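# Coordinates only, no sequence provided:
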């Protein structure tokens, strides 16, 4: 059997798709999408634990990076 992946654009579309699936007794599962690659997140957290990171002042980015 095939698996369909749908991308509702808003909460109303999501609710409608869930209602249709329930009405037709089609099983479905909720899966949260990761915003960032887990490998990247681990790399950032590891660097943070080792103290190997730079904080950037959004009001003066160039100075924060030592480029001024």
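Received it, and whenever you're ready, just let me know what you need. What you see is a predicted model, and the numbers here were worked out from it, not measured in a lab.
# residue closest to the middle of this protein?
Nearest residue to the geometric centre of the chain (C-alpha atoms, centre = their mean): residue 35, 1.7 Å.
# per-residue confidence for that one?
Looking at residue 35, its pLDDT reads 83.
# now swap in the one 10 residues further on and tell me
According to the predicted model, the pLDDT of residue 45 comes to 93.
# With adjacent residues omitted, what lies nearest to residue 8?
residue 14 (4.2 Å; C-beta to C-beta, 6 or more residues apart in numbering). All C-beta atoms are positioned from the backbone trio N, CA, C, and that covers glycine.
# I'd like to check what contacts the lowest-mean-pLDDT helix or strand in the chain. Which residues are they?
Here the helix or strand of the chain ranked lowest by mean pLDDT, DSSP states H and E is helix 61-64, holding a mean of 89. Defining contact as C-beta atoms under 8 Å, 6 or more residues apart in numbering, one finds that helix 61-64 is touched by 54-57, 68.
# Do a quick rundown of the helices in this protein.
11-23, 38-50, 61-64 (DSSP state H).
# Lowest average confidence across these, which one?
Lowest mean pLDDT within those: helix 61-64, a mean of 89.
# Check which residues of that helix are buried.
Neighbour counts over helix 61-64 (16 or more other C-beta atoms under 10 Å) mark no residue as buried.
# The closest residue in space to residue 27 that isn't next to it in sequence: neighbour count?
Leaving aside its sequence neighbours, residue 27 sits nearest to residue 21 (C-beta to C-beta, 6+ apart; 7.8 Å). Neighbours of residue 21 under the rule other C-beta atoms under 10 Å: 13.
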